[in-house]
Structures are given as C-alpha cells and as structure tokens.
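Novice: heads up, no residue letters with this:
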C-alpha cells in the first residue's frame with residue numbers, strides 16, 4: 001500500500017511514465033540511472049509496476065494495463081477483460097443496474113460492470129488489494145460508478161443492490177483449491193448470498209467444479225476465450241438447471257439438451273475436437289448430434305463423422321491414416337509423407353508430445369497433426385490435417 005501511495009504522487013506517476021515498456025534486460029541500467037534523482041524504493045516500485053503492467057496487457061489490453069495498477073496475485077487471478085465484459089453485458093441484459101461485487105480483487109470485474117453502466121459496490125478484505133481497486137477505478141475514470149470498500153464480504157449488507165457477483169479465492173498456501181467448500185468464502189456461503197439477490201447473481205468458480213456440486217436452482221455456464229477454458233459461472237435468477245458452454249470471442253453459446261451419451265463408431269473421414277468449454281460442460285453429445293457423428297471411444301471426447309460440417313464448437317480435421325500405436329511405424333509414415341512440422345495432440349494417452357516428437361524426428365516440407373488416443377479401447381494414432 002505504501003508503494004501504491006508513492007506511485008500515485010506526481011513524482012511516482014512521472015516515474016511510471018518514464019519506465020513504461022522497460023525490457024527486463026535493461027532494468028538494472030534504468031534503475032541505476034533513475035536512483036541518482038529519485039528514492040531507490042520508489043524506483044524499484046515503479047519498475048515492479050511496469051513489469052506487472054506488461055504481464056497484465058494480455059488480460060486487459062495494453063491501453064488499460066498501462067493506466068492501471070496491479071499486484072502479483074491480482075495479475076494472476078483477475079478475470080480476463082473479454083470474459084468480464086461478456087458477463088457484464090449478460091447482467092445488464094437481465095436488467096441489473098446495481099451490483100455488489102464481493103471479493104473484487106484489483107477491480108477487473110467492477111471495471112467491466114461499470115463500463116456496462118452498472119453501479120458497483122466493490123468489496124475486498126485485503127487493504128492493499130482494495131487500495132489497488134480504488135486506484136484503478138479512478139485511473140479509468142469510473143470512480144463515480146464504483147465504490148470500493150475494505151471489509152469482510154460475509155459482513156456486507158447487499159440488500160441495496162439488485163445483483164450479487166462473488167469471486168471466491170481459489171488459491172491457498174499450497175496452490176489451487178479444488179474443494180469448493182475450501183474456497184474463501186466457501187461456495188455454500190456464496191450460494192446463499194446469491195439466493196438473496198433480488199434480480200440476479202453470478203458466482204465465479206473453477207472450471208473443474210464437479211457437476212454434482214452445482215445447486216439445482218443454478219444455471220451452470222463454462223466459458224472459453226480463444227479456445228482456452230477460463231472459468232465456470234453459476235447463475236441465479238436465470239434458467240435453473242440449464243447448462244451452457246460459451247465461446248469467446250462471439251459470444252457463441254451451446255445450450256445443453258440432456259442428450260444421452262453419443263454412440264461409439266468407427267473412425268470416419270473427419271475428426272472433431274470439441275472446445276474445452278463444451279467438454280467441461282458435458283455437452284459433447286450436443287456437438288455430436290449437430291455433426292451426425294459419434295465417439296471414437298466411449299471415454300474419449302473426440303467426435304468422428306463422415307461429412308465435414310463446420311461448427312464453432314469444435315475444431316475439424318481430415319484423417320488420412322489410422323494405425324495402432326507404434327512409434328516406428330509413425331516415423332516411417334512421416335518420412336514417407338515428408339512431414340517436418342508435426343502437431344501432437346493427445347487424449348487418453350500417457351505419451352508426452354515432446355517425447356514423441358524427439359523419437360520420430362520429423363523432417364520435410366509437409367505438416368500434419370497426429371492424435372494419440374484410444375479407438376474402441378485400443379491405443380491408436382490418427383494422422384491428419386486441419387479441414
């Protein structure tokens with residue numbers, strides 16, 4: 001907090017401007033030069049903040065990141081701006097005009113909500129984190145819409161707001177926390193807080209949350225951005241029991257239809273790799289139905305079909321070869337095809353892609369993708385290319 005207060009002074013802001021974009025290799029020389037005219041602690045704080053801003057650009061975009069303030073945990077744990085903006089727009093569409101953002105962190109979600117025109121009470125119990133959230137609201141010109149409060153979220157009265165958003169801490173001293181009741185605050189508390197909201201509520205949870213842990217009166221949504229699964233959200237006040245996978249950019253949303261597991265069938269001409277959000281949401285059957293396809297194995301989320309039907313919910317590949325798992329045969333086939341650029345994907349295989357690449361030593365002008373998987377229970381290699 002002292003570092004932040006110093007960085008918010010005219011001298012601190014000037015230093016931040018001066019060190020913007022400093023490459024790691026140049027930090028020592030820059031620090032040595034600046035310490036001749038500025039306190040060493042302030043120079044260190046400015047360079048540290050510059051590093052965090054560079055890291056944060058991937059989540060927040062360069063324009064915002066260069067104006068915002070960050071903590072190491074804040075960069076790591078904050079919501080990607082595109083995901084926060086999608087969620088804010090969905091809350092706005094539900095008629096939400098005011099919201100209590102509990103466990104607000106550095107304010108990433110509060111910023112997206114305020115930009116959607118929603119008045120936000122942003123709460124965090126950590127003084128340093130709350131101070132950063134307040135600085136960010138001010139830096140982005142959103143202070144009139146965002147009130148930041150340092151408090152224990154379990155003691156905050158949310159009755160004056162028509163929606164609640166809770167982002168419990170999912171990391172502890174030993175890393176990620178997988179038990180929802182070990183979140184801080186626990187998922188059960190967050191669910192009760194959500195149920196009290198007059199209009200709607202959203203709880204951000206880990207994408208690996210067990211489906212059986214989802215309350216019956218909640219909608220469960222898994223969100224991916226650019227093909228990477230980012231989070232799951234439990235919604236209240238929307239469609240109880242619904243399951244959806246949402247892909248960004250877009251958004252494109254696939255709704256669950258409670259279909260039975262797809263049939264297992266022989267590998268066809270095309271192989272489809274469902275988006276991670278689709279897999280996490282257990283909606284592979286919905287994709288298989290769209291493609292008139294089936295699974296290559298009852299336990300593997302690869303869909304195969306005889307026709308090419310482009311879908312945003314799965315990447316498509318044309319399969320040229322199917323062979324039992326055998327490194328020597330694969331190496332010979334790649335040499336015969338002149339494949340020098342090999343993409344290795346695996347599902348249901350213990351083989352590491354880099355290890356396989358070293359063994360087959362691909363050489364040549366061609367490119368291909370090999371899938372290490374099981375087909376009807378048997379270890380199999382499928383060779384192909386993007387369709």
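Specialist: It's in. Everything numeric here is computed off the predicted structure, so don't read it as measured data. Numbers count the residues shown, from 1 in each chain.
Novice: what pairs with residue 319 across the strands?
Specialist: Judged by DSSP bridges, the bridge partners of residue 319 are residue 384.
Novice: Quick check: it vs residue 386, distance?
Specialist: Note on residue 319: its distance to residue 386, by Cβ to Cβ, to the nearest Å, is 11 Å. (Glycine included, C-beta is placed from N, CA and C.)
Novice: do residue 94 as well
Specialist: Distance, residue 94 to residue 386, using Cβ to Cβ: 38 Å.
Novice: how near is residue 179 to residue 209?
Specialist: 10 Å.
Novice: neighbour count winner among the two?
Specialist: residue 209 (20 against 11; other Cβ atoms under 10 Å).
Novice: What strands line up against the one helix or strand residue 245 maps to, and which way round?
Specialist: Secondary structure from DSSP states H and E places residue 245 in strand 243-248. Strands that pair with strand 243-248, judged by DSSP bridges, come out as strand 219-225 (parallel), strand 252-255 (antiparallel).
Novice: Rebuild those as CSV, extending it with distance to residue 68 and mean pLDDT.
Specialist: Formatted as CSV, the strands paired with strand 243-248 follow (distance: least, Cβ to Cβ, whole Å; pLDDT from 0 to 100):
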stretch, distance to residue 68, mean pLDDT
strand 219-225, 19, 98
strand 252-255, 29, 98
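Novice: Among the ones you listed, show me which one is buried the most.
Specialist: strand 219-225 (a mean of 24; mean count of other Cβ atoms under 10 Å).
Novice: Output the below-cut-off pLDDT ranges for this structure.
Specialist: The model of the chain has pLDDT under 70 over residues 1-2, 171-175.
Novice: Would you mind finding the longest helix in it?
Specialist: helix 40-60 (DSSP state H).
Novice: Can you tell me which helices and strands that helix packs against?
Specialist: helix 2-7, helix 10-19, helix 27-34, helix 62-65, helix 72-77 (3 or more Cβ pairs under 8 Å, 6 or more residues apart in numbering; DSSP states H and E).
Novice: which residues touch residue 100?
Specialist: Residues near residue 100 by Cβ atoms under 8 Å, 6 or more residues apart in numbering: 120-121, 123, 156, 158, 161, 163-165.
Novice: Please convert the strands paired with strand 243-248 to TSV, extending it with distance to residue 270.
Specialist: Shown next, in TSV, are the strands paired with strand 243-248 (distance: least, Cβ to Cβ, whole Å):
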stretch	distance to residue 270
strand 219-225	22
strand 252-255	19
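Novice: for stretch 372-387, the distance to its chain's centre please.
Specialist: Averaging C-alpha positions (Cα atoms, centre = their mean, to the nearest Å) puts stretch 372-387 28 Å from its chain's average.
Novice: Would you map the strands across the stretch 251-387 of the chain?
Specialist: For the stretch 251-387 of the chain, the strands defined by DSSP state E, counting those that start in this stretch occupy 252-255, 270-274, 294-297, 300-305, 314-324, 339-346, 366-375, 378-386.
Novice: With distance to residue 235 as new columns, can those strands be given to me in a markdown table?
Specialist: A markdown table is the format used below for the strands of the stretch 251-387 of the chain (distance: least, Cβ to Cβ, whole Å):
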| stretch | distance to residue 235 |
| --- | --- |
| strand 252-255 | 12 |
| strand 270-274 | 22 |
| strand 294-297 | 29 |
| strand 300-305 | 24 |
| strand 314-324 | 24 |
| strand 339-346 | 32 |
| strand 366-375 | 34 |
| strand 378-386 | 34 |
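Novice: Of all these, which one is nearest residue 6?
Specialist: Set against residue 6 and scored by Cβ to Cβ, those come closest in strand 252-255, at 45.2 Å.
Novice: what's that closest one in contact with?
Specialist: Residues outside strand 252-255 that contact it (Cβ under 8 Å, 6+ apart): 242-247, 278, 281, 283, 286-287, 312-313.
Novice: quick one on the thing from earlier: buried ones in the longest helix of the chain, by neighbour count?
Specialist: Judged by neighbour count (16 or more other Cβ atoms under 10 Å), helix 40-60 contains these buried residues: 42-43, 45-54, 56, 59-60.
Novice: What helix or strand is the residue nearest to the spatial centre of the chain located in?
Specialist: Central residue of the chain (Cα atoms, centre = their mean): residue 230, 1.7 Å from the mean position. Residue 230 is located in strand 228-236, with elements delineated by DSSP H and E.
Novice: next one: residue 120
Specialist: Applying DSSP H and E as the criterion places residue 120 in strand 119-124.
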